[in-house]
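S.K.: here you go, sequence then predicted model.
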Amino acid sequence: MTRVYNFGAGPAMLPIEVMEKARSEFLDYQGVGASIIEISHRSEEFDAVINETDRLLFELANIPDNYKILYVHGGAQMQFSAVPMNLIARNPEKKAAYVESGNFAKLAIKEAIRYGKISVVASSETSNYDRIPELEMAEVDPKSSYLYITSNNTIYGTRWQQFPSTDNIPLVADMTSEFLSRELDISQFGIIFAGLQKNLGPAGLALVIIREDLLDYALPETPNLLTYRTYAEKHSLSNTNNTFAIYMMKLVLEWLKDHGGVTALELQNETKAALIYDAIDTSSFYLGTAEVIYRSTMNVTFNLAENGLLDKFLSQAHAQGLYALKGHRNVGGVRASIYNAMPTAGCQALVNFMKEFEKNHA
């Protein structure tokens, strides 16, 4: 079987070692005579899985002791509702501030206005989200229950290089497309959430990391399975959770640790991204779309100077095993998503193709 390089934004490629491990014990999980997807979420075997997943997350992300890890049903977009439901009542005026840096931030804003008074305190919409907008904390109402950002914008290829200092306002970050791709100071944040399908595992589950003092502000009408306190008290097992996704995340975390942890992966990610950005910047044939100082190391976006060649570029890349390079429907062009599991060789293969395609069509 020939494996391809999957540059899709998500579900993204997983480390081959992780999938081989899952395959090897899929029919018989560690000698119990049943698959991991068949054993009870309340069994000793799964209890060991979820506890080890917790331990690895605390270790690899350097999570302080006053934070809780939650495994929440649904993907990241479910959190667009869960965050305001659980936090907007922190202040009785039910105010929250949002930074609009892309499509997913815009969707989060649209959902949050159902629950309170939402202020968009910075936006880069007028430049088609080619940068992270400048945020002036003086523009943020000190009575805001939280400040919400999207740390990495998969569609537009931008990311926050430095995070804002918010004083007493909890900072909430959607880190779906970059969590564990670079080192973070978790204590800067009140809540971090991430869908698993980029860097953590398969789709269908969200990881939520929440400071303990923020667990008790849920609106009365918040459904039980969207209430963070429910997950914190029941170790995310109030009902049957997505046991397979949690198991797969454990395997991904073990792989990450075996490969040097977040520090090593961050250096590798910078190297991978630099290969592609250098190919763009040293050519007039390719045009980067994100402002240089805001470029993402997870999602590299660019166009061809001759747009009429785009379909040929994508089809020929696909034929050479470079899959899912088509940009998001909102912007078009090319997008190479190069999450933790993408090897440097995959980025080099893309660069080699880019140079050969330019040679043949310039």
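M.R.: Here it is on my side, so go on. Numbers count the residues shown, from 1 in each chain.
S.K.: walk me through the domains of the protein.
M.R.: Following automatic domain parsing, one finds the domains of the chain at 17-258, 260-361.
S.K.: that's a helix at residue 79, yeah?
M.R.: Yes: judged by DSSP: H, G, I helix; E, B strand; the rest coil, residue 79 forms part of a helix.
S.K.: neighbours of it, just the number please.
M.R.: Number of residues near residue 79 (other C-beta atoms under 10 Å) recorded here: 26. Quick note: C-beta positions are derived from backbone N, CA and C, even for glycine.
S.K.: just give the number of residues close to residue 47.
M.R.: Residue neighbour count, defined by other C-beta under 10 Å, stands at 14 for residue 47.
S.K.: could you give the mean pLDDT of the helix or strand harbouring it?
M.R.: Secondary structure assigned from DSSP states H and E places residue 47 in helix 44-60. For helix 44-60, mean pLDDT rounds to 98.
S.K.: stretch 126-144 too?
M.R.: 97.
S.K.: okay, and for the protein, where does confidence drop off?
M.R.: Within the chain, no stretch has pLDDT under 70.
S.K.: list the buried residues of the top helix by length along it.
M.R.: The residue-count maximum for a helix in the chain (DSSP state H) belongs to helix 261-281. Residues 261-262, 265-266, 268-269, 272-273, 275-277, 279-280 are the ones in helix 261-281 that count as buried (16 or more other C-beta atoms under 10 Å).
S.K.: hang on, residue 107 is in a strand, isn't it?
M.R.: No: looking at residue 107 with three-state DSSP, it is helix, so not inside a strand.
S.K.: next, count neighbours for it.
M.R.: The number of residues near residue 107, taken as other C-beta under 10 Å, comes to 13.
S.K.: isn't it right up against residue 76?
M.R.: No: applying C-beta atoms under 8 Å as the test, residue 107 and residue 76 come out as separate, 10.0 Å apart.
S.K.: where along this protein do the helices fall?
M.R.: 16-24, 44-60, 76-87, 103-112, 228-233, 243-258, 261-281, 310-319, 344-361.
S.K.: CA atoms only: put the longest helix of the chain into CSV for me.
M.R.: Extracted C-alpha coordinates of helix 261-281, given in CSV (Å, rounded to 0.1, in the frame of the first residue of the first chain):
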residue,chain,number,x,y,z
GLY,A,261,7.5,16.6,23.2
VAL,A,262,6.2,20.0,22.3
THR,A,263,9.6,21.7,22.2
ALA,A,264,10.9,19.3,19.6
LEU,A,265,7.7,19.4,17.5
GLU,A,266,7.7,23.2,17.6
LEU,A,267,11.2,23.3,16.0
GLN,A,268,10.2,20.7,13.4
ASN,A,269,7.0,22.6,12.6
GLU,A,270,9.0,25.8,12.1
THR,A,271,11.4,24.0,9.8
LYS,A,272,8.6,22.5,7.8
ALA,A,273,6.7,25.7,7.3
ALA,A,274,9.9,27.6,6.4
LEU,A,275,10.6,25.1,3.5
ILE,A,276,7.3,26.1,1.9
TYR,A,277,7.3,29.8,2.7
ASP,A,278,10.9,30.0,1.2
ALA,A,279,9.6,28.4,-2.0
ILE,A,280,6.8,31.0,-2.1
ASP,A,281,9.0,34.0,-1.2
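S.K.: next, the angle helix 243-258 makes with it.
M.R.: Here the directions of helix 261-281 and helix 243-258 differ by 80 degrees (axes from the mean of the first three to the mean of the last three C-alpha atoms, to 10 degrees).
S.K.: chain center to helix 261-281, what's the gap?
M.R.: 17 Å (C-alpha atoms, centre = their mean, to the nearest Å).
S.K.: just checking, what packs against that helix?
M.R.: When contacts are defined as 3 or more C-beta pairs under 8 Å, 6 or more residues apart in numbering; DSSP states H and E, helix 261-281 packs onto strand 286-288, strand 299-304, helix 344-361.
S.K.: what are the C-alpha coordinates of the last one, in PDB please?
M.R.: Which is helix 344-361. The C-alpha trace of helix 344-361 is given here as PDB (Å, rounded to 0.1, in the frame of the first residue of the first chain):
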ATOM      1  CA  THR A 344       9.400  17.100   6.900                       C
ATOM      2  CA  ALA A 345       9.700  14.800   3.800                       C
ATOM      3  CA  GLY A 346       6.100  15.700   2.900                       C
ATOM      4  CA  CYS A 347       6.800  19.400   2.900                       C
ATOM      5  CA  GLN A 348       9.900  18.800   0.900                       C
ATOM      6  CA  ALA A 349       7.900  16.800  -1.600                       C
ATOM      7  CA  LEU A 350       5.500  19.700  -2.000                       C
ATOM      8  CA  VAL A 351       8.300  22.100  -2.500                       C
ATOM      9  CA  ASN A 352       9.900  19.900  -5.100                       C
ATOM     10  CA  PHE A 353       6.600  19.700  -6.900                       C
ATOM     11  CA  MET A 354       6.100  23.500  -6.700                       C
ATOM     12  CA  LYS A 355       9.500  24.100  -8.300                       C
ATOM     13  CA  GLU A 356       9.000  21.600 -11.000                       C
ATOM     14  CA  PHE A 357       5.500  22.900 -11.800                       C
ATOM     15  CA  GLU A 358       6.900  26.500 -12.000                       C
ATOM     16  CA  LYS A 359       9.700  25.300 -14.300                       C
ATOM     17  CA  ASN A 360       7.200  23.700 -16.700                       C
ATOM     18  CA  HIS A 361       4.600  26.600 -16.700                       C
END
